[in-house]
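>>> Could you look at this predicted model? Sequence included:
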2 protein chains.
Amino acid sequence: MFHAVRKLGHMPALPVEESEHRSGPLLDHLARRMRLRSESVLAPLGLRPRHLVALTVLRESGGISQQALAGTLQIDGTNVVGLLNDLEAESLVERRRSPEDRRRHVVSLTTAGAKRLREAECALAGVEDEVLGALEPAERDTLYELLRRATSGRQVICAEESGDEPDASC
Amino acid sequence: MFHAVRKLGHMPALPVEESEHRSGPLLDHLARRMRLRSESVLAPLGLRPRHLVALTVLRESGGISQQALAGTLQIDGTNVVGLLNDLEAESLVERRRSPEDRRRHVVSLTTAGAKRLREAECALAGVEDEVLGALEPAERDTLYELLRRATSGRQVICAEESGDEPDASC
DNA sequence: ACGGATCGTTTGTGTAACGCCAACCATTTA
DNA sequence: TAAATGGTTGGCGTTACACAAACGATCCGT
C-alpha cells in the first residue's frame, strides 16, 4: 500500500490569500456585451469595433510601426495590413515611410482620424450608459482609468525570457 | 422665494465635463489579450474561454433557463445548446427539467463544474499577472469588483421601451 | 379539447475575424 | 553580394458566431 506521498511542499511563500476569482471571464463577458451594442452604433460611421481599438491605440502612441502595432494589438501582421487599409481608405490613418529605416511604415492618426474617433466615442456614450448602467459615474471613471493603465502597460513581449513554468502555484 | 430660481436659470445640468473617452475599446483590447493567453492555459483543462464565461455566469446565478442564459451571454439560443452540450459532456453542468414548466431546462453547475472552474481560475493566475502587470494587486481587486458588478447588473432587456433616440447628445 | 405559442433541439447555411503559409519587393545589414 | 527584415498580397483553414427552418414536448387561452 503506497501511502499517497502528498508532495505538497506547502508553499509558505504566499503572503495574501488568493481571492481566486479571475477577471478574465468577466472582461470577456463585458467586452462582448459592449461590442455587440457598439456595432450598430458604429456602423453609420463606417467603423467596426476592431477599428476603434486600433484608432484608440494609435491615438495613444503617436506613431508606431506596423509591427509594433501588431504586437500591441496581438494580431497577425498580415491582418494589420488589412485593418490599416480600411482606415487609410478613409484617410483616418497615415502610413509614412520611416526616415531611419525606409522599410518601415510609421502609422499615425490623421486629424480626420482623431476627429472620427471623437465622434465615435461620443456616439458610444449611450451604449456605455446601457452596459455600465450598474456602475455610478465615478466608478466608470475608475474603470476607465484602470483599463487605460492596464492596456498602456508594457505588452510583455511574450514569455520568452522567463524560463520558469508558471504552474503549480495553487 | 425667487432666489431659488437663480440656480436653475443657467442650465447647471452637466456638473462634470465629459471625459469623452469610452472604455469599450479598452475593454475589447484587454479582453483580447487576456483571452489569447488564456486559451493555451485553458486547453489542458479541456475548456475554452467561452466555456469559462458560461461557467462563471452559472456559478453566479444558481440555476437559470437556457433562454435566460442566452440573454445574459447575449448569444443565440441555438448556440447555447452547443455550449451546454460541451459542458454537460464533461459533467460540469446539469440540465434538469423545470417542475413548474416542463418545457424549460434549468441549467446549473455541478460540483465537478464548480471544481473545474476553480481549477481554471487558479490556472489563470499567471495569465492575469502578465496581462494586468501594470496594475497593483489592490487595483486588480478593484477592477475585478467593478467588472463583477457591471456584469451582474441587469442586462437591459434591450432598448425597446425607451422611446427616446440616444443621438444628438454631443 | 383544440390550436397556437413557447422551450429546447437538430441541421444547415452564411459570415466575419482571425491564423498561417508562401511568394514578392524594397531596403538594410553582415 | 548574400542574408535578413518590414510590408504587401493571395490563398487556405478554423472558430465563433447569427439566422432560418422544422420538430417534439409542453403550456395556455378560449
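Thanks, I have the structure now.

>>> in chain A, what spans have low per-residue confidence?
Residue ranges of chain A with pLDDT under 70: A:1-19, A:153-170.

>>> The residue nearest to the spatial centre of chain A sits in which helix or strand?
In chain A, the residue lying closest to the centroid (CA atoms, centre = their mean) is A:Thr151, at 5.6 Å. Using DSSP states H and E, A:Thr151 sits within helix A:137-152.

>>> which parts of that helix are buried?
Of all the residues in helix A:137-152, those buried under the rule 16 or more other CB atoms under 10 Å in any protein chain shown are A:Glu139, A:Arg140, A:Thr142, A:Leu143, A:Tyr144, A:Glu145, A:Leu146, A:Leu147, A:Arg148, A:Arg149, A:Ala150, A:Thr151. C-betas here are computed from N, CA, C, even on glycine.

>>> relative to helix B:137-152, how tilted is that helix?
Calculated by axes from the mean of the first three to the mean of the last three CA atoms, to 10 degrees, helix A:137-152 forms an angle of 120 degrees with helix B:137-152.

>>> Where do the helices of chain A begin and end?
A:24-42, A:49-60, A:66-73, A:77-89, A:111-123, A:125-131, A:137-152 (DSSP state H).

>>> how close does A:Glu88 get to DNA strand C?
16 Å (CB to the nearest atom of the strand, to the nearest Å).

>>> now A:Gly113
A:Gly113 is 18 Å from DNA strand C, where distance means CB to the nearest atom of the strand.

>>> Tell me how many other residues surround that residue.
The number of residues packed near A:Gly113 is 21, by other CB atoms under 10 Å in any protein chain shown.

>>> And for it, nearest residue in space, chain neighbours not counted?
Spatially, and ignoring its direct neighbours in sequence, A:Gly113 is nearest to A:Leu92 (3.5 Å; CB to CB, 6 or more residues apart in numbering or on different chains).

>>> Next to DNA strand D, which bits of chain A? Give me the list.
Counting by CB under 7 Å from any atom of the strand, the positions of chain A adjacent to DNA strand D are A:32, A:65-67, A:77-78, A:80-81, A:84-85, A:95, A:101, A:103-105.

>>> Span of stretch A:85-100 from start to end?
Using CA to CA, to the nearest Å, the end-to-end distance of stretch A:85-100 comes out at 23 Å.

>>> If you count neighbours, what's buried in it?
Of the residues in stretch A:85-100, A:Asp86, A:Leu87, A:Leu92, A:Val93, A:Glu94, A:Arg95 count as buried by neighbour count, 16+ other CB under 10 Å.

>>> Next up, the contacts around the first one.
Taking CB atoms under 8 Å, 6 or more residues apart in numbering or on different chains as the contact definition, A:Asp86 lies against A:His51.

>>> 6 Å instead, please
A:Asp86 sits next to no residue when contact means CB atoms under 6 Å, 6 or more residues apart in numbering or on different chains.

>>> The last one too?
The neighbours of A:Arg95, taking CB under 6 Å, 6+ apart as the test, are A:His105, A:Val107.

>>> Likewise for the third one?
Residues in contact with A:Leu92 (CB under 6 Å, 6+ apart) are A:Ala112, A:Gly113, A:Arg116.

>>> picking up where we left off before, for B:Arg104, see how far away the residue nearest to A:Gly113 is.
Distance, A:Leu92 to B:Arg104, using CB to CB, to the nearest Å: 48 Å.

>>> Likewise for A:Arg96?
59 Å.

>>> again with A:Val106
To B:Arg104, A:Val106 is 57 Å away according to CB to CB.
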